[in-house]
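Engineer: Predicted structure and sequence below. I'll ask about it afterward.
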Amino acid sequence: MRGLRRGLDALYAAAAALAALCLCGILGVTLAQVAARWAGVPFPGATQYAGYLMAAASFLAFAHALNREAHIRVGLLITALGRHARWAELWCLAVASTAAIYLAWHALRTVYWSRRLGDVSQGQDMTPLWLAQAPVALGAVILAVAFVDNLATRLLTGDDNIAAGDAAGGE
Amino acid sequence: MEPFTAIAIFLAALVVLLGSGVWIGLALLGVAWIGMELFTGRPTGDAMMTVIWRQASSWSLTALPMFIWMGEILYRTRLSEDMFKGLAPWLARLPGGLIHTNIAGCTVFAAVSGSSAATLTTVGRMTIPELRRRNYPERMVIGTLAGAATLGLMIPPSLTLIVYGVTINESITRLFIAGIVPGLVLAALFMGYVVMVAKLAPGFAPTPEPVLPLAEKLRRSRFLAPILSLVAVVIGSMYLGIATATEAAAIGVTGALALAGLQGTLGWRSFSASLMGATRTSAMIALILAGAAFLSLAMGFTGLPRALAEAIAVWDLSRFELLMVLLVFYIVLGCFLDGISVVVLTIAVVEPMIRAAGIDIVWFGIFIVVVVEMAQITPPIGFNLFVLQGMTGHDIGYVARAALPMFAIMFAMVLILIAFPELATWLPDRMREAR
């Protein structure tokens, strides 16, 4: 059990690290675009690359953000229920797990069909779409795993893995 | 099924899923799925992935993590101390004294940060202890801070305006430039209120500040130079059409890193903390946006937006009446949801109404930001109130009462914005836009 826990936590952390690298990638691509414009050198597809990195950064960080309590929700009912919040928490985790599995399944299907049909980006970059969409599917799968993980943990131990992050985040 | 029943099920699902505490992005996804199953025969999953992929990989969205990151870096520097030291000498002699540092500090920090919570913590961390030490009335300290922090979302960059722009496909730079003048007017209204209270309230007797010669004032304001030049570069490059929003943000991140490096506050730990913080916050918003993109699609199929736009046309509301209805609607909604969720949740329904009424869509972006921010300083769910509660140890009722005059000032701001729409539209019409 403990090995599984460590393995899953390492998975979320690794995905988050990749997501952070994608953010650095957006910074790099955008600065290169600025530099290229000043130098008068064309940089075709820069906006597409930044977009793919954006999608990858978002999806890969979903699970990590969940366990650090960054994803927001309406807390009125849970707070009002106090000690009896257990069932509401289970309901939320069950609904979210279902939605996340649905998302992950269709994200995987999208990658599969983009690959099968050989879809290529319509921008100047001509990137094979499955390559750009793969991180999204990976992130969606990891998010689904994280929700099921939290649901199972709560059923077994009465608590989940969601711990408060820093207060500076949010809106 | 009768269309009415179907719409009732759809709306009930929305209320139940959001209200029971399901994470907002996934709740929207679930509701959208129900809507698609009820109203169309299209393959739901494929339609979902098409809109989510288009939304998640859109280039204009990349401005979001960059601006968040810039704010995260500056939050971890000595900026709040420096701003207080630089601003205090100039404001000390005004009626109301150093209370003005709350407002001026928020105005300056708002120009490098897109979030009102970050603005609040960065400025308040320094001003709250300093003002308390000088015997300023606690209610004024807390109230003005709660109000002025909302400038974080008015003055560019603004996360809410990025989300609004991405959702309705409007240029983010135009929205940003539109927010400048209304933001400064609102700051001036807050300062005017402070002057009034300082003159009229009997209990207002803080410890006076020593008089400084001009040379000393100038010497102390050297602390302001780095941050003000960063503001000038980021906003100036957008206004002059040298850079798009994302490019300006990337330059801003570089500038913020350089600033932190020169200060010696940029270690590996603070760098990675700022990067991970930005990663999480932008993922949080991206999940809501993904759910909302799918919901907007489903919403279109329900026919709800068109029906409402037609109903509004039949009622023959004047522009002012429509805006007042929306004001109340948004403030009520803002009592339960955060600003970004409110915007993405409603815009599919509200946009056709606004366009039908002939209201400028950029102007409406500024309107919605002020209104949503009013909701953020009212209980039960006011994000700024929670942050202030954590920082000062007062209960939420006290903080909300302290912020009440600011709520009234912001309402006045809404009326001013309606009376003089040029405040928001004049500047963007005169800018050059980078493509």
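Structural biologist: It's in.
Engineer: quick one: low-confidence parts of chain B?
Structural biologist: B:1-2, B:381, B:434-435 (pLDDT under 70).
Engineer: for the helix ranked longest in it, which positions count as buried?
Structural biologist: Identified as the longest helix of chain B according to DSSP state H is helix B:268-302. Buried positions in helix B:268-302, judged by neighbour count with 16 or more other Cβ atoms under 10 Å in any protein chain shown: B:270-271, B:273-302. C-beta here means a position set from N, CA and C on the backbone, and glycine is covered the same way.
Engineer: who touches the closest residue to A:A94 other than its chain neighbours in this structure?
Structural biologist: Counting by Cβ to Cβ, 6 or more residues apart in numbering or on different chains, A:A94 lies nearest to A:L151, which is 6.3 Å off, once chain neighbours are set aside. Contacts for A:L151 (Cβ atoms under 8 Å, 6 or more residues apart in numbering or on different chains) come out as A:L90, A:L93, A:A94, A:S97, A:D160.
Engineer: do the same with A:A134
Structural biologist: Taking Cβ under 8 Å, 6+ apart as the contact definition, A:A134 lies against A:V111.
Engineer: Repeat that for B:P206.
Structural biologist: B:G97, B:L98, B:L131, B:R134, B:N135, B:Y136.
Engineer: now do B:A187
Structural biologist: By Cβ under 8 Å, 6+ apart, B:A187 lies in contact with B:I103, B:A104, B:C106, B:T107, B:A148, B:L151.
Engineer: Helix, strand, or coil at the fourth one?
Structural biologist: This points to B:T107. helix (DSSP: H, G, I helix; E, B strand; the rest coil).
Engineer: element containing the closest residue to it other than its chain neighbours?
Structural biologist: Of all residues not flanking B:T107 in the chain, B:A187 sits nearest, at 4.7 Å (Cβ to Cβ, 6+ apart). For B:A187, the element it lies in under DSSP states H and E is helix B:172-200.
Engineer: Let me know the next secondary structure element after that helix.
Structural biologist: Using DSSP H and E, the helix or strand that follows helix B:172-200 towards the C-terminus is helix B:214-220.
Engineer: which one among the contacts of B:A187 gets closest to B:S229?
Structural biologist: Of all those, B:S229 sits closest to B:T107, with 16.1 Å by Cβ to Cβ.
Engineer: Test my guess that that closest one contacts B:G183.
Structural biologist: Yes - using Cβ atoms under 8 Å, B:T107 is in contact with B:G183, at 7.3 Å.
Engineer: which neighbours do those two share?
Structural biologist: Shared contacts of B:T107 and B:G183 (Cβ under 8 Å, 6+ apart): B:L151, B:I155.
Engineer: more neighbours, these two?
Structural biologist: Legend: neighbour count by other Cβ atoms under 10 Å in any protein chain shown for B:T107 and B:G183, higher for B:G183 (28 against 24).
Engineer: correct me, but that one touches B:G152?
Structural biologist: No - between B:G183 and B:G152 there is no contact under Cβ under 8 Å: 9.4 Å.
Engineer: what residues are shared contacts of the two?
Structural biologist: Residues touching both B:G183 and B:G152 (Cβ under 8 Å, 6+ apart): B:A110.
Engineer: for the stretch 301-435 of chain B, what spans make up the strands?
Structural biologist: Assigned by DSSP state E, counting those that start in this stretch, the stretch 301-435 of chain B shows no strands.
Engineer: and it, which of its residues are near chain A?
Structural biologist: Counting by Cβ under 8 Å from any Cβ of the partner chain, the residues of the stretch 301-435 of chain B close to chain A are B:F336, B:L337, B:D338, B:G339, B:I340, B:S341, B:P380, B:I381, B:F383, B:V387, B:G390.
Engineer: ok, which residues in the stretch 101-250 of chain B are in contact with chain A?
Structural biologist: With Cβ under 8 Å from any Cβ as the criterion, the stretch 101-250 of chain B meets chain A at residues B:115-118, B:121, B:153, B:159-160, B:243, B:246-247, B:249-250.
Engineer: Could you tell me which of those residues belong to helices?
Structural biologist: With helices taken from DSSP H, the overlap with these comprises B:S116, B:A117, B:A118, B:T121, B:L159, B:T160, B:T246, B:E247, B:A249, B:A250.
Engineer: For the closest residue to the first one other than its chain neighbours, give its distance to B:I180.
Structural biologist: Nearest residue to B:S116 in three dimensions, chain neighbours excluded: B:G152, at 3.8 Å (Cβ to Cβ, 6+ apart). In this structure, B:G152 and B:I180 are 14 Å apart, going by Cβ to Cβ, to the nearest Å.
Engineer: so who does the spatially most central residue of chain B touch?
Structural biologist: Taking Cα atoms, centre = their mean, the centroid of chain B lies closest to B:L153, which sits 2.3 Å from it. B:L153 sits next to A:E171, B:A110, B:G114, B:S115, B:S116, B:L159, B:T160, B:L161, B:G339, B:V369, B:V372, B:E373 when contact means Cβ under 8 Å, 6+ apart.
Engineer: Confirm for me that the third one is in contact with B:M66.
Structural biologist: No - with contact taken as Cβ under 8 Å, B:G114 and B:M66 are classed as non-touching, separated by 9.8 Å.
Engineer: And the helices in the stretch 1-150 of chain B?
Structural biologist: B:3-19, B:24-39, B:44-56, B:63-75, B:79-91, B:99-110, B:116-133, B:138-149 (DSSP state H, counting those that start in this stretch).
Engineer: which one of those is the most hemmed in?
Structural biologist: helix B:63-75 (a mean of 29; mean count of other Cβ atoms under 10 Å in any protein chain shown).
Engineer: Distance from it to the middle of the chain?
Structural biologist: 14 Å (Cα atoms, centre = their mean, to the nearest Å).
Engineer: State the distance from the nearest residue to B:G358 once chain neighbours are set aside to chain A.
Structural biologist: Leaving aside its sequence neighbours, B:G358 sits nearest to B:R319 (Cβ to Cβ, 6+ apart; 7.5 Å). Distance of B:R319 to chain A, computed by Cβ to the nearest Cβ, to the nearest Å: 29 Å.
Engineer: Contacts only, for the closest residue to A:A36 other than its chain neighbours.
Structural biologist: Computed as Cβ to Cβ, 6+ apart, the closest residue to A:A36 that is not its neighbour in sequence is A:F43, at 3.9 Å. By Cβ under 8 Å, 6+ apart, A:F43 lies in contact with A:A32, A:Q33, A:A36, A:R37.
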